[in-house]
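Peer 1: build me a model:
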Amino acid sequence: MRLPFEVWASPEPTFARIGARSYRDQLAETGHERRPGDLDLLASLGVSASRYPVLWEKCAPRAPEEADFSWARPRLERLAQLGIEPIVTLLHHGSGPAYTDLLDPAFPALLARYAGTVARAFPWIRRWTPINEPLTTARFSTLYGVWYPNRRDDDRAFGHAVAHEALGMLLAMEAIRAHAPDAQFAITEDLQSFTACDPSVEAFVEHKRRRMYLSVELAMGRVRPGHELYGYLTRTCGVAPELLARIVAHAAAPDLVGWNYYPNSERALSRAADGTIANVPARLQQPISPLPLLRSAYDRLGLPFGISEVHIDGDESARVAWLHARCADLSELAAAGMPVRMLGVWAAFGMVDWASLLRERAGYAEDGIFTFAGPDGTPSETAVARAVRDLTARATRVSRVPSASRS
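Peer 2: Okay, here's the model as predicted:
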């Protein structure tokens with residue numbers, strides 16, 4: 001049976017600022033950075049596109065216009081030669097180079113300047129993701145204390161971070177379209193389910209359910225007076241109405257939303273004896289599925305969508321089963337008439353230390369489509385690669401791989 005959507009395969013490219021002076025670089029740690037031959041492995045899968053990094057922190061560490069594309073250029077051009085459309089990501093769980101951060105009011109303009117620099121160098125790139133998972137990055141950095149600026153339960157910092165990211169994405173797309181007028185805006189975000197296990201956390205859980213769409217709705221220009229989170233941002237978070245109005249003035253609905261869904265996206269919450277709210281994993285039903293969440297997201301947003309990261313930490317058979325289940329989910333939604341556009345198989349060359357959200361250098365590696373080889377090894381094929389080939393043989397190919405000659 002034909003699949004009515006594209007199949008993508010992409011490396012894990014996170015460059016996260018963990019503390020004031022510490023970083024984690026998954027391109028280096030997985031070894032993908034040093035292996036141009038990995039692109040031929042992607043091509044062997046028959047996929048139509050790949051989310052590919054041209055990361056701000058790595059390319060322009062001194063100033064947005066002083067960019068070094070000596071790594072990115074041959075790889076983007078090679079992907080195009082191989083018939084794989086690059087979907088360029090500028091920030092992947094990052095907060096920008098050392099001269100800015102998520103709480104810097106200048107962050108949006110600086111990101112836009114870098115985006116313009118990239119688009120001027122690569123005007124043939126059609127699809128862009130200025131910031132991967134902006135809401136998740138803001139949460140981890142300002143509410144959970146995981147990444148820089150390492151704030152914990154700081155609503156004010158969270159509100160400003162996500163507002164700066166939203167405006168940054170919009171200004172970045174404007175700068176990109178100055179060089180590539182037909183450029184498309186893709187946003188990727190975490191898809192989460194929240195269940196209240198006791199009445200005392202119902203209001204908290206409902207807030208988190210609504211907040212899940214915040215980054216997308218900011219980009220769409222929906223967060224204005226009357227929106228259910230407008231008061232939270234202005235009163236609780238202290239975000240200036242003028243900043244939200246500026247976001248509305250530059251609003252642009254994404255052309256595509258890629259939802260990322262993992263087993264830990266399902267959250268059951270309860271209040272502990274000390275009054276804190278904690279996860280209750282045992283209350284979650286098995287098997288889990290993103291189907292109700294994807295339906296709700298489409299009902300709310302009305303945007304074309306897909307699952308942009310399909311991966312779990314498990315053996316080959318578990319990863320293949322997860323891939324097939326997510327393919328079945330998207331096929332069901334497409335058959336119901338929803339605009340399902342893609343399935344993105346993730347962590348093509350594995351990932352490392354995500355069990356601690358990159359906080360610990362424990363060397364805990366996960367295989368992906370190919371095995372995790374590290375900086376000095378050679379990836380080998382897993383059963384997931386064979387499963388991906390089976391899907392791509394039946395998949396829709398709507399990607400248009402442009403000529404790189406204009407670069």
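Peer 1: hey, let's count contacts and neighbours off CA atoms from now on
Peer 2: OK.
Peer 1: how near is residue 103 to residue 138?
Peer 2: For residue 103, the distance to residue 138 equals 10 Å [CA to CA, to the nearest Å].
Peer 1: residue 350 too?
Peer 2: For residue 350 relative to residue 138 (CA to CA), the value is 24 Å.
Peer 1: what ranges do the helices span in the stretch 1-150 of the chain?
Peer 2: Secondary structure of the stretch 1-150 of the chain (DSSP state H, counting those that start in this stretch): helices at 26-30, 38-44, 56-59, 72-81, 107-121, 134-142.
Peer 1: which of those sits most buried?
Peer 2: helix 134-142 (a mean of 25; mean count of other CA atoms under 10 Å).
Peer 1: okay but residue 83 is in contact with residue 48, surely?
Peer 2: Yes - using CA atoms under 8 Å, residue 83 is in contact with residue 48, at 7.0 Å.
Peer 1: quick check: buried residues in the strand or helix carrying residue 205?
Peer 2: Taking DSSP states H and E as the criterion, residue 205 maps to helix 202-211. The neighbour-count check on helix 202-211 (16 or more other CA atoms under 10 Å) flags 202, 205, 209 as buried.
Peer 1: now it: average pLDDT?
Peer 2: Average pLDDT, helix 202-211: 93.
Peer 1: show me what that helix is packed against.
Peer 2: In terms of contacts (3 or more CA pairs under 8 Å, 6 or more residues apart in numbering; DSSP states H and E), helix 202-211 is packed against strand 193-196.
Peer 1: need the CA coordinates for the strand it packs on. PDB is fine.
Peer 2: Written as PDB, here are the backbone C-alpha positions of strand 193-196 (Å, rounded to 0.1, in the frame of the first residue of the first chain):
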ATOM      1  CA  SER A 193       0.000  14.300  26.900                       C
ATOM      2  CA  PHE A 194      -0.800  15.300  30.500                       C
ATOM      3  CA  THR A 195      -3.000  13.300  32.800                       C
ATOM      4  CA  ALA A 196      -4.000  14.600  36.300                       C
END
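Peer 1: if you count neighbours, what's buried in that strand?
Peer 2: Across strand 193-196, burial judged by 16+ other CA under 10 Å covers 193-196.
Peer 1: hang on, the earlier thing: format the helices of the stretch 1-150 of the chain as a markdown table; extra columns: mean pLDDT and distance to residue 312.
Peer 2: Shown next, in a markdown table, are those (pLDDT from 0 to 100; distance: least, CA to CA, whole Å):
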| stretch | mean pLDDT | distance to residue 312 |
| --- | --- | --- |
| helix 26-30 | 98 | 17 |
| helix 38-44 | 98 | 19 |
| helix 56-59 | 98 | 27 |
| helix 72-81 | 98 | 26 |
| helix 107-121 | 98 | 31 |
| helix 134-142 | 98 | 18 |
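Peer 1: export the ones you listed as a markdown table, with columns for distance to residue 186.
Peer 2: What follows is the helices of the stretch 1-150 of the chain, written out as a markdown table (distance: least, CA to CA, whole Å):
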| stretch | distance to residue 186 |
| --- | --- |
| helix 26-30 | 21 |
| helix 38-44 | 21 |
| helix 56-59 | 17 |
| helix 72-81 | 18 |
| helix 107-121 | 14 |
| helix 134-142 | 12 |
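Peer 1: so where's the stretch 301-407 of the chain shaky on pLDDT?
Peer 2: For the stretch 301-407 of the chain, the stretches flagged by pLDDT under 70 are 398-407.
Peer 1: same thing but 80
Peer 2: For the stretch 301-407 of the chain, the stretches with pLDDT under 80 are 396-407.
Peer 1: nearest residue to the middle of this protein?
Peer 2: Closest to where the C-alpha atoms of the chain average out (CA atoms, centre = their mean) is residue 132, at 3.3 Å.
Peer 1: ok, so what distance separates residue 57 from residue 380?
Peer 2: In this view, residue 57 and residue 380 are 29 Å apart by CA to CA.
Peer 1: and what of residue 135?
Peer 2: Residue 135 is 34 Å from residue 380, by CA to CA.
Peer 1: what's the answer for residue 311, then?
Peer 2: 17 Å.
Peer 1: which one's more surrounded, those two?
Peer 2: residue 311 (27 against 14; other CA atoms under 10 Å).
Peer 1: quick check: phi and psi on that one?
Peer 2: Dihedral angles of residue 311 (phi, psi; degrees, to the nearest 10) stand at phi -170, psi 150.
Peer 1: phi and psi next, for the residue lying closest to it once chain neighbours are set aside.
Peer 2: In this structure, residue 311 finds its nearest non-sequential neighbour in residue 346, 5.5 Å apart by CA to CA, 6 or more residues apart in numbering. Backbone torsions of residue 346, given as degrees, to the nearest 10, read phi -110, psi 170.
Peer 1: contacts only, for residue 346.
Peer 2: 9-12, 308-311, 368-369 (CA atoms under 8 Å, 6 or more residues apart in numbering).
Peer 1: 10 Å instead, please
Peer 2: Residues near residue 346 by CA atoms under 10 Å, 6 or more residues apart in numbering: 8-12, 50-51, 260, 307-312, 323, 368-369.
Peer 1: likewise residue 49?
Peer 2: Residue 49 neighbours (CA under 10 Å, 6+ apart): 6-10, 42-43, 79-80, 83-87, 127, 342, 344, 397-401.
Peer 1: what's the pLDDT at it?
Peer 2: So, for residue 49, pLDDT stands at 97.
Peer 1: ok, residue 197 next?
Peer 2: Value for residue 197, per-residue pLDDT: 89.
Peer 1: that one and residue 154, how far apart?
Peer 2: 24 Å.
Peer 1: and what of residue 363?
Peer 2: On the measure of CA to CA, residue 363 and residue 154 end up 31 Å apart.
Peer 1: likewise residue 10?
Peer 2: Remark: distance between residue 10 and residue 154 (CA to CA) = 33 Å.
Peer 1: contacting residues for the nearest residue to residue 355 once chain neighbours are set aside?
Peer 2: Once flanking residues are discounted, residue 355 sits nearest to residue 364: 7.3 Å by CA to CA, 6+ apart. For residue 364, the contacting residues are 351-356, 358, by CA under 10 Å, 6+ apart.
Peer 1: got JSON lines for the residues you listed, with neighbour count too?
Peer 2: As requested, the contacts of residue 364 are arranged in JSON lines below (neighbours: other CA atoms under 10 Å):
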{"residue": "351", "neighbour count": "28"}
{"residue": "352", "neighbour count": "23"}
{"residue": "353", "neighbour count": "18"}
{"residue": "354", "neighbour count": "16"}
{"residue": "355", "neighbour count": "13"}
{"residue": "356", "neighbour count": "12"}
{"residue": "358", "neighbour count": "22"}
